[in-house]
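K.L.:
curious how this folds, go ahead:
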Amino acid sequence: MNIFVLLKRTFDTEEKITVANGKIEDDSAEYIINPYDEYAVEEAIKIRDEHGGEVTVVTIGEEDAEKQLRTALAMGADQAVLINTEDDLEEGDQFTTVKILEAFFSDRDVDLILGGNVAIDEASGQVGPRLAERLDMPCVTTITKIEIDGTTVTIDRDVEGDVEKVETSLPLLVTCQQGLNEPRYPSLPGIMKAKKKPLEELELDDLDLEEDDVEPKTKTTEIFLPPEKQAGKVLEGETADQVKELVSLLKTEAKVL
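P.N.:
Numbering: from 1, shown residues only. Model (predicted):
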């Protein structure tokens with residue numbers, strides 16, 4: 001079975017993020033595998049172990065993304081591909097990503113593609129469904145369980161706190177939701193093996209793409225951090241007095257009444 005995982009390098013939202021001049025300062029940001037993509041890597045490895053085949057992890061970005069690819073290899077993926085756009089693209093959007101991935105998959109034999117439900121940096125959730133449309137294959141999002149029997153696939157997907165059961169067939173693209181599995185930590189032997197696993201590097205020219213072909217359709221006009229939360233107030237006294245004070249504060253300070 002030919003299994004592919006779409007991986008994105010994202011900044012760690014648990015660490016301090018500095019924004020200056022409308023951009024995130026890369027020097028101060030910590031970067032990780034997008035957490036939802038970790039579920040995809042883990043599930044791909046489990047499916048390979050059960051059904052055989054190979055797991056290939058694919059990302060689009062710059063040389064620094066090799067670190068996250070090596071982490072996925074250390075988790076157990078078989079090989080990785082970095083589509084390096086450092087010299088070709090200054091900015092991109094979901095259209096750009098899908099256009100590049102469409103070209104990458106155009107001449108490859110694919111049984112299953114897994115990706116994260118969303119990326120924690122932009123959270124659009126568009127890449128998976130848009131790529132499936134371009135590749136003309138079924139797509140199921142926010143999956144929390146997947147079972148494969150031959151070419152038949154049964155899936156549980158999260159739908160706003162409930163579960164929807166879906167039956168479809170391979171080839172297939174799915175996006176992974178929290179609850180699907182518990183991603184493993186790379187072991188020391190896995191880290192050592194990852195250094196020797198193949199990591200292929202491609203550029204747009206290798207995919208017969210020009211810069212104009214992948215020009216973004218949207219533009220980011222501003223990036224900013226949310227305002228810091230102000231300290232709350234504790235109202236004291238009798239209930240009736242607290243209600244009066246609360247109404248007054250809502251009018252004069254919060255200005256919501």
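K.L.:
roughly how far does residue 254 sit from residue 62?
P.N.:
44 Å (C-beta to C-beta, to the nearest Å). No exception for glycine: its C-beta is placed from N, CA and C like everyone else's.
K.L.:
oh, I was asking about residue 121
P.N.:
Computed with C-beta to C-beta, the distance linking residue 121 and residue 62 is 15 Å.
K.L.:
ok, residue 54 next?
P.N.:
The gap separating residue 54 from residue 62 is 25 Å, by C-beta to C-beta.
K.L.:
swap in residue 241?
P.N.:
When distance is defined by C-beta to C-beta, residue 241 is 60 Å away from residue 62.
K.L.:
out of residue 254 and residue 62, which sits in the busier spot?
P.N.:
For residue 254 versus residue 62, the count of surrounding residues by other C-beta atoms under 10 Å is larger for residue 62: 15 against 9.
K.L.:
residues contacting residue 12?
P.N.:
Contact analysis of residue 12 by C-beta atoms under 8 Å, 6 or more residues apart in numbering lists 29, 30, 31, 32.
K.L.:
6 Å instead?
P.N.:
Taking C-beta atoms under 6 Å, 6 or more residues apart in numbering as the criterion, residue 12 is in contact with 30, 32.
K.L.:
mind checking how far it is from residue 190?
P.N.:
Counting by C-beta to C-beta, the gap between residue 12 and residue 190 amounts to 21 Å.
K.L.:
next one: residue 225
P.N.:
Remark: distance between residue 225 and residue 190 (C-beta to C-beta) = 36 Å.
K.L.:
more crowded one of the two?
P.N.:
Neighbours were counted for residue 225 and for residue 190 using other C-beta under 10 Å; residue 190 has more, 17 against 9.
K.L.:
leaving out chain neighbours, which residue sits closest to that one?
P.N.:
Beyond its immediate neighbours in the sequence, the residue positioned closest to residue 190 (C-beta to C-beta, 6 or more residues apart in numbering) is residue 74, lying 4.3 Å away.
K.L.:
and the residue nearest the centre of this structure?
P.N.:
The centre of the chain sits closest to residue 119, judged by C-alpha atoms, centre = their mean, with a distance of 3.6 Å.
K.L.:
that residue and residue 56, how far apart?
P.N.:
19 Å.
K.L.:
mind listing the strands for the stretch 151-257 of the chain?
P.N.:
Secondary structure of the stretch 151-257 of the chain (DSSP state E, counting those that start in this stretch): strands at 152-159, 162-169, 172-176, 199-202.
K.L.:
do the same with the stretch 1-150 of the chain
P.N.:
Per DSSP E, counting those that start in this stretch, the stretch 1-150 of the chain has strands spanning 2-6, 9-11, 19-20, 23-24, 31-33, 54-61, 79-84, 112-116, 139-149. These are given in chain order.
K.L.:
packing partners for the fifth one?
P.N.:
Right, the one you point to is strand 31-33. Helices and strands touching strand 31-33, by 3 or more C-beta pairs under 6 Å, 6 or more residues apart in numbering; DSSP states H and E: there are none.
K.L.:
other residues contacting that strand?
P.N.:
Residues lying outside strand 31-33 but in contact with it, judged by C-beta under 6 Å, 6+ apart, are 9, 11, 12, 68, 71.
K.L.:
residue 68 touches residue 9, doesn't it?
P.N.:
Yes: Residue 68 lies in contact with residue 9 (C-beta atoms under 6 Å); the separation is 4.7 Å.
K.L.:
residue 3 is in contact with residue 55, isn't it?
P.N.:
Yes: the pair residue 3 and residue 55 qualifies as a contact (C-beta under 6 Å) at a distance of 4.9 Å.
K.L.:
the more surrounded of these two?
P.N.:
Each of residue 3 and residue 55 had its neighbours counted (other C-beta under 10 Å), and the higher figure belongs to residue 55 (28 against 24).
K.L.:
point out where the stretch 1-150 of the chain drops to low pLDDT.
P.N.:
Where the stretch 1-150 of the chain drops to pLDDT under 70, the residues are 22, 26, 28.
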